[in-house]
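Visitor: Dropping the sequence and predicted coords here.
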Amino acid sequence: MSGLGRPRAEGEVDYPQPYSPRALPPSPQQRPLSHPEARRSSMASPDVARQLNYQCSPGIRAPQSFPAENGHEGEHGDDIRTLPLAGHVGFDSLPDQLVNKSIDQGFCFNILCVGETGIGKSTLIDTLFNTNFEDDQSSHGEPSVKLKGQTYELQESSVRLKLTIISTVGFGDQINKEDSYMPIVDYIDKQFESYLQEELKINRSLHRYHDSRVHVCLYFLAPTGHSLKTLDLLTMKKLDSKVNIIPVISKADTISKAELNKFKVKLMSELVSNGVQIYQFPTDDETISKLNSSMNAQLPFAVVGSMDEVKVGNRMMKVRQYPWGIVQVENENHCDFVKLREMLISTNMEDLREQTHMRHYELYRRCKLEEMGFSDLGPGDKPVSLQETYEAKRNEFFSDLQRKEGEMRQMFVQRVREKEAVMKEAERELQCKFEHLKRLHQDERLKLEEKRKQLEDEMILFNKKKIANELLQPQGSGGSFNTSLKKDRKNSGFM
């Protein structure tokens, strides 16, 4: 299997794409197709676009080679021939079929807006899509950065677009801004992980799966100061390997044109010197290479957003009104809004989607699979199949399981022995204590028996004396008898 998203021909080895835009295959709109309607595939889904990407012209056979198996050349390496067609067959309509299918399925596009509170993120998005998105006001007193996403269904002509806008609420509002970028990184990784888990399912349904991966990050920079803020530089550095970053200078009407040009040059030099990789518009398609090259030289775009309209001449124009005049949002002499809209939506939207899938997601997927122990190369840099990797990991885990099971069994036996020793010692102590108490009990019982016997003997002696005294004394001398009885008791120890 080539990656996790498409089947791979027998014997084909799929290596991870290098982390460089130049090494990536051209996007669908970067290869002109023979059919006019095929240009509508520029917003096709990644799977459809990849099929169009490698479409060959009728009558031309692309060179193919089969890898050697067991040290021998492939059996069919010399059997592929190019044959001319005797007449029309009909497979030249494949681009039309793919375009129609992709239009029926619809498209999705996810935008992440990163910037300080009040910098104009929502206003610019409304202006870009010419729509007032219903956005509830969020509290900016949160102790950490929160990400809020909202999905909308848009339609232009016959094309349906599922647009998701993710805003960073409270970004830059905290006193300690050290980890402000972490919620953003976690959110992007979570979307990648969700897509990866869908790919790894046995029963996959990617055509019905809502792709929530972030396709572009519009990073809003304040037109104040003389350089990039540390927070902005650190955040872009953490995000450039995970998402396509397009930096924009918001509220560009607050500084003069000369200051704006100097600010642009300073920002780009700092990004380059710090190794921040922003999204570059593709230049390998001859039809748009000149336009994209000129737009790359004008980054970052200085934009102004507004949904207010006034009549300028015979047209209604989106403007920002000031006491000294108006700023026309769609006037290229006033700001770069038109350039941003053209590059982001009209020309390179599908390339952004493809870069997300082929570059950023593949990097995340490769790292995840390598963490799980999967690799395309085995010992000696020899290609290994997924089955071989699975068996090797299975044997490794089974051996590790047996080792841990043996260790746990030994630990259990040792603990049982220790517990038995403790219980035996406690039993011995209890037995000694029982014997001691038993001896004390016996001694106490013997003493009581001896006292009881002595008491009985004294009582018998007393009764005998009493009877003898009663017999010796006359009937009227009871007093002398009582006196004698008291003396006897005193002598006996009872008084």
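Guide: Noted; the coordinates are in hand.

Visitor: low pLDDT regions in the stretch 301-450 of the chain?
Guide: Residue ranges of the stretch 301-450 of the chain with pLDDT under 70: 377-381.

Visitor: Now do the helices in it.
Guide: Under the criterion DSSP state H, counting those that start in this stretch, the stretch 301-450 of the chain carries helices at the ranges 337-341, 349-355, 362-371, 386-472.

Visitor: so which of those helices is the most packed in?
Guide: Most buried of these by mean neighbour count (mean count of other Cβ atoms under 10 Å) is helix 349-355; its value is a mean of 24. Heads up, the C-betas are built off the backbone N, CA and C, glycines and all.

Visitor: mind saving the C-alpha coords of that one as CSV?
Guide: Coordinates of each C-alpha in helix 349-355 appear next as CSV, following Å, rounded to 0.1, in the frame of the first residue of the first chain:
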residue,chain,number,x,y,z
MET,A,349,-6.7,27.1,-3.1
GLU,A,350,-6.3,23.5,-4.5
ASP,A,351,-2.5,23.8,-4.1
LEU,A,352,-3.0,24.7,-0.5
ARG,A,353,-5.2,21.6,0.0
GLU,A,354,-2.7,19.4,-1.8
GLN,A,355,0.3,20.8,0.1
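
Visitor: elements contacting it?
Guide: Packing partners of helix 349-355 (3 or more Cβ pairs under 8 Å, 6 or more residues apart in numbering; DSSP states H and E): helix 46-53, strand 107-114.

Visitor: Which elements pack onto the last one?
Guide: With contacts defined as 3+ Cβ pairs under 8 Å, 6+ apart, strand 107-114 has these neighbours: helix 121-128, strand 159-169, helix 182-200, strand 216-221, helix 349-355.

Visitor: same thing but 7 Å
Guide: Helices and strands touching strand 107-114, by 3 or more Cβ pairs under 7 Å, 6 or more residues apart in numbering; DSSP states H and E, are strand 159-169, strand 216-221.

Visitor: any idea of the mean pLDDT in stretch 145-159?
Guide: Rounded to a whole number, the mean pLDDT of stretch 145-159 is 92.

Visitor: One more: stretch 209-228?
Guide: Summarised as a single mean, pLDDT over stretch 209-228 is 91.

Visitor: Over to it now: how far is its first residue from its last?
Guide: Length of stretch 209-228, first residue to last, Cα to Cα, to the nearest Å: 38 Å.

Visitor: Would you indicate which residues of stretch 237-256 are buried?
Guide: For stretch 237-256, a neighbour-count test (16 or more other Cβ atoms under 10 Å) marks 239-240, 242-253, 255 as buried.

Visitor: now swap in stretch 98-107 and tell me
Guide: By neighbour count with 16+ other Cβ under 10 Å, stretch 98-107 contains the buried residues 98-99, 102-103, 107.

Visitor: Just the ones of the residues you listed in strands?
Guide: Where the buried residues of stretch 98-107 overlap with strands, as defined by DSSP state E, the overlap consists of Phe107.

Visitor: now the buried residues of stretch 98-107 as CSV including pLDDT?
Guide: Putting these into CSV (pLDDT from 0 to 100) gives the following:
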residue, pLDDT
Leu98, 91
Val99, 90
Ser102, 88
Ile103, 90
Phe107, 92
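
Visitor: List just the nearest of the buried residues of stretch 98-107 to Val169.
Guide: Phe107 (26.8 Å; Cβ to Cβ).

Visitor: That closest one is in contact with Ser158, isn't it?
Guide: No - applying Cβ atoms under 7 Å, one finds Phe107 not in contact with Ser158, separated by 11.7 Å.

Visitor: Can you tell me which of the buried residues of stretch 237-256 end up in helices?
Guide: Leu239 (DSSP state H).

Visitor: Of the buried residues of stretch 237-256, which pair is most distant in space?
Guide: With Cβ to Cβ as the measure, no two of the buried residues of stretch 237-256 lie farther apart than Lys242 and Asp253, at 31.7 Å.

Visitor: Model confidence for Lys237, exactly?
Guide: According to the prediction, Lys237 has pLDDT 95.

Visitor: wait, what's in contact with it?
Guide: 274, 276 (Cβ atoms under 7 Å, 6 or more residues apart in numbering).

Visitor: Going forward, count from 59.
Guide: Got it, first residue is 59 now, which makes that one Lys295.

Visitor: Just the ones of the buried residues of stretch 295-314 in strands?
Guide: Secondary structure assignment (DSSP E) places 303-307 from the buried residues of stretch 295-314 within strands.

Visitor: Adding distance to Glu388 and pLDDT, write those out as CSV.
Guide: What follows is these, written out as CSV (distance: Cβ to Cβ, whole Å; pLDDT from 0 to 100):
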residue, distance to Glu388, pLDDT
Ile303, 24, 97
Ile304, 19, 96
Pro305, 21, 95
Val306, 16, 95
Ile307, 17, 94
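
Visitor: does Ser252 really touch Asp269, like I thought?
Guide: No - under the criterion of Cβ under 7 Å, Ser252 is not in contact with Asp269, lying 9.3 Å apart.

Visitor: out of those two, which sits in the busier spot?
Guide: Set side by side, Ser252 and Asp269 give different neighbour counts by other Cβ atoms under 10 Å, the larger being at Asp269 (22 against 15).

Visitor: Show the contacting residues for Phe187.
Guide: Applying Cβ under 7 Å, 6+ apart, one finds that Phe187 lies in contact with 212, 221.

Visitor: Equivalent analysis for Met401, please.
Guide: Going by Cβ under 7 Å, 6+ apart, Met401 touches 339, 353.

Visitor: which neighbours does the helix or strand where Thr209 lies have in its sheet, and in what orientation?
Guide: Element membership of Thr209, judged by DSSP states H and E, is strand 204-214. Strands that pair with strand 204-214, judged by DSSP bridges, come out as strand 217-227 (antiparallel).

Visitor: Tell me which residues are up against the partner strand.
Guide: Taking Cβ under 7 Å, 6+ apart as the criterion, the residues outside strand 217-227 that touch it are 101, 161, 164-172, 179, 183, 187, 191, 196, 198, 200, 203-212, 242, 270, 272.

Visitor: Cool, thanks, signing off.
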